[in-house]
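> no sequence for this one, just the structure:
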């Protein structure tokens, strides 16, 4: 009975969400702000989940997410900038002849290829990041918790320095960054509007990570998180499983990076600085370390609050001629920092702790509330 | 490059290295005792920069320097009390996240209070006096930094090795639990450690920003991380190691900039870190520890 | 094929200047229960750690089930400060990580219980089954190995019932009473299909009644899983009851070997335990 009820509830919510998104796709013009925030939230949800896979499920405290995102973003951007815009984008130093030749050739391919090309670009970016992660992983995954954190943070900075270095001018356009990146492509030959693409890609990726976490390999990750020495004594290869988690996490971070490049239309190395990793960590911590649904929920809440609901904190506010103090640029971020501190110090489990969303829990909580209210009488 | 230019760059490098060394000591002391990378240390250093700007606005420089050092020290100890102490028994990851949150808070707070636009750092006239040594020219601060650094390090070494507090500090860093059982006031020692670290960061900040001339809310991040690398390079927990690491990174960074690889000067530091962790994870002077099964 | 399952040859483990295990020569025949005893700090757990791959031996070799799983000879700095009594030269260097050794059929428990505390009893056992998984990561993620997964789950449940923890299946491991946690750790080790089970002080902290139960339990799993058991223990009653042969260590050196009766009457053993000489 209960299982049936839960399935129905889940389906109902899914239908409502899809319906809402579909409706939005037809009324984009009027809801530009909402669409844009939801898309950004979805992208951050994917990065947060990928970070959670490492930090929350495998117990590897890694701070390299921004670096891998930049690999994905740059690869996708370079592959997708239209040939006709190349000279405009690389106006300072010109573009490498090899990249131009490849892109000119690819542009001659038939329409069906052009339709899937953006997705190939995303995948290539993600694969490149996965390869880098595998190479870096061999070196840094041996390190203990905090050394790993600082080494991955360092690696992320190295990637950023390489992207913005003058030596890479003809490829990444150095410190000028890349622009004129095409927006999201439509899916299934236009059957699904472009606006919905990021949601679908993100949903597929998160589903994959969920399935992985629930598989035997996911259990092995958790074992490593709980106790490395015991996990190893149970025959779980630390090297193999840590590398697996690191590579998969980087793959999806880079994929999200590629989506972010499509979303922002222009990127520069500065976008992927340490503070981006901290922003993602904030989402993961608020959502609950070790909870995928927590990360997703938190990504939407945090992004919406940051970009929308709490915007008013940054504007001077007058109530009946009285100037409310404190309200000016930057106040919003203070609220966030304080919120993060409160979560870390007081409410350590975040929104979801290490639990996943479940109807039983949600409904059960209401029931308990009712009971306790009754008890007071 | 002529010999003079090389020497000139070395001088700048040593000066920068001195400031780095002072910050690196803060990392090494805290890590030695709490096994925590104090991610907020770089931001404490940045805040010290702002304190100096405001103190100089209303006081003569000797008073301003004292105010800056005192306020920074109080802030460092306060942060430990509020953000790290409640988490002593929590997993390593929680306390590290707490440190990152403090760093996040300090950056956002200073952006809010002082805006992200760089603020000019006040000039202390005598520090800026230019010296001519042969063909080399240097401001007084360039020469003062390494000298002051070395004096402070010697004082600190005496404190750590000769005084009762210092012995307690070493005991706590060797074995937290046993030190507690021996009746050492752990919280007191941790506070002293943060106080020393913040004090040195404040001094480092004055020396560093006098040369850089402006402060932004983010000017602490990279120097902070670099100084952590310096501490790891020298062997975390080891004070002379941190100083050596600070000077080394300062000099190499300056030379890289001089050679035109400025974008790679930051990357170099991290490359050094990764290589060091792989080749000799305990750093130059660190002790080897075996994890018990 | 010989009937010796585990054999160590001149096994020596030295940390800096301290020789924790010195020239240890053990032979464990199939189907027997062998005990390793000795006063605190005698090097028993270190010996376990070297055998299971946690530490790399300074000198000596470990043979398991017909192959060499660890071998080393003093090199570099160790060659100079080597303080072991045996100078036999081993040429090869064989290093296996603990997980590899576990997959070869040697499982262990820990002196200070190391369960996956936040996971359920069932998950603890199920995780141990992972080491023999055939499906790769992708196959497993997309549940293309549902048969294998199903078998793993069924086996885990069966195992929990066998060891009498079936009723605690969905409880958090850390919520179990102490004795049951010890038992779960043994069950988890059994889930890896070991030929040899190493128990590090399984009776630590147990009262006499629980210890008796444990003795029966060890006997019963030995028979039903066709195991060979190698254990470290301080409870002399337990050791004397169930062991076929006992090795006694003191300051890293083997001071006596024999049946429980022989060891009990050995003057060297009595001296080590009671410290007669010192008085």
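In hand now; what should we look at? Since we're looking at a predicted model, the values are computed, not measured. Residues are numbered from 1 along each chain as shown, chains lettered A, B, ... in the order given.
> identify the residue nearest residue B:69 in space, chain neighbours excluded?
Leaving aside its sequence neighbours, residue B:69 sits nearest to residue B:202 (CB to CB, 6 or more residues apart in numbering or on different chains; 4.5 Å). C-beta here means a position set from N, CA and C on the backbone, and glycine is covered the same way.
> helix or strand for that neighbour, which one?
Of the helices and strands defined by DSSP states H and E, residue B:202 is found in helix B:186-212.
> burial measure for the residue nearest to residue B:69, as a count.
When counting by other CB atoms under 10 Å in any protein chain shown, one arrives at 28 neighbours for residue B:202.
> so where's the chain shaky on pLDDT?
Here I'm looking at chain A. Along chain A, the parts satisfying pLDDT under 70 run over A:1-3, A:189, A:317, A:320-326, A:364-377.
> switch to chain C, that's the one I care about
Those would be C:1-2, C:89, C:275-279, if you go by pLDDT under 70 across chain C.
> ok, now chain B?
In chain B (pLDDT under 70), the answer is B:1, B:287-293.
> and the strands in it?
All strands of chain B, identified by DSSP state E, fall at B:119-120, B:130-133, B:136-139, B:214-215.
> distance-wise, check the closest residue to chain B within the stretch 51-200 of chain C relative to residue A:145.
The nearest approach of the stretch 51-200 of chain C to chain B comes at residue C:54, 5.0 Å away (CB to the nearest CB). Distance of residue C:54 to residue A:145, computed by CB to CB, to the nearest Å: 19 Å.
> ok, these two, which is more surrounded?
Set side by side, residue C:54 and residue A:145 show more neighbours around residue C:54, with 20 against 16, by other CB under 10 Å.
> shouldn't that one be within a strand?
No: secondary structure of residue C:54 (DSSP: H, G, I helix; E, B strand; the rest coil): coil, not part of a strand.
> thinking again about what came up before, show the contacting residues for the residue nearest to residue B:69.
Residues counted as contacts of residue B:202 (CB atoms under 8 Å, 6 or more residues apart in numbering or on different chains) are B:45, B:48, B:51, B:68-69, B:72-73.
> let's see 7 Å
B:48, B:68-69, B:72-73 (CB atoms under 7 Å, 6 or more residues apart in numbering or on different chains).
> filter those down to the ones in helices?
Among the contacts of residue B:202, the members falling in helices (DSSP state H) are B:48, B:68-69, B:72-73.
> excluding its backbone neighbours, what's nearest residue B:137?
Leaving aside its sequence neighbours, residue B:137 sits nearest to residue B:130 (CB to CB, 6+ apart; 5.7 Å).
> pretty sure that neighbour is touching residue B:136, no?
No: between residue B:130 and residue B:136 there is no contact under CB atoms under 7 Å: 10.7 Å.
> so which of those two has more stuff around it?
residue B:136 (14 against 9).
> the more buried one touches residue B:8, doesn't it?
Yes: look at residue B:136 against residue B:8 with CB under 7 Å: they come within range, at 5.8 Å.
> longest helix in the chain, by residue count?
Picking chain A for this. Ranked by residue count under DSSP H, the longest helix found in chain A is helix A:111-140.
> can you look at chain B instead?
helix B:3-34.
> and the angle for it with helix B:186-212?
160 degrees (axes from the mean of the first three to the mean of the last three CA atoms, to 10 degrees).
> how far does helix B:3-34 sit from its chain's centre?
How far helix B:3-34 lies from its chain's middle: 9 Å, per CA atoms, centre = their mean, to the nearest Å.
> which elements pack onto that helix?
Applying 3 or more CB pairs under 7 Å, 6 or more residues apart in numbering or on different chains; DSSP states H and E, we find helix B:3-34 packed against helix B:41-58, strand B:136-139, helix B:140-162, helix B:164-174, helix B:186-212, helix B:221-234, helix B:239-258.
> neighbours of the residue of the stretch 51-200 of chain C at minimum distance from chain A, how many?
Closest contact between the stretch 51-200 of chain C and chain A, by CB to the nearest CB, is at residue C:131 (2.7 Å). As a burial measure, residue C:131 scores 21 neighbours (other CB under 10 Å).
> identify the residue spatially nearest to it, adjacent ones excluded.
residue A:235 is the one closest to residue C:131 (CB to CB, 6+ apart), at 2.7 Å.
> and what of residue B:218?
residue B:107 is the one closest to residue B:218 (CB to CB, 6+ apart), at 6.4 Å.
> distance of that neighbour from residue B:49?
Counting by CB to CB - residue B:107 and residue B:49 are separated by 13 Å.
> quick one, the longest helix of chain B and helix B:41-58 angle?
Angle of helix B:3-34 versus helix B:41-58, following the same axes, to 10 degrees, is 110 degrees.
> so which bits of helix B:3-34 are buried?
Buried positions in helix B:3-34, judged by neighbour count with 16 or more other CB atoms under 10 Å in any protein chain shown: B:8-34.
> could you do stretch A:179-187 as well?
A:179, A:181-182, A:184-185, A:187.
> now do the SS call for the residue of the stretch 151-300 of chain A at minimum distance from chain B.
Going by CB to the nearest CB, chain B is nearest to residue A:154 of the stretch 151-300 of chain A, at 3.0 Å. Judged by three-state DSSP, the three-state class of residue A:154 is helix.
> mind listing what the nearest residue to it once chain neighbours are set aside touches?
With sequence-adjacent residues excluded and distances taken as CB to CB, 6+ apart, residue A:154 is closest to residue B:270, at 3.0 Å. Residue B:270 makes contact with A:154-155, A:157-158, B:229, according to CB under 7 Å, 6+ apart.
> redo those residues as a markdown table? Include neighbour count and distance to residue C:115.
Putting the contacts of residue B:270 into a markdown table (neighbours: other CB atoms under 10 Å in any protein chain shown; distance: CB to CB, whole Å) gives the following:
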| residue | neighbour count | distance to residue C:115 |
| --- | --- | --- |
| A:154 | 28 | 35 |
| A:155 | 26 | 34 |
| A:157 | 24 | 39 |
| A:158 | 22 | 39 |
| B:229 | 29 | 37 |
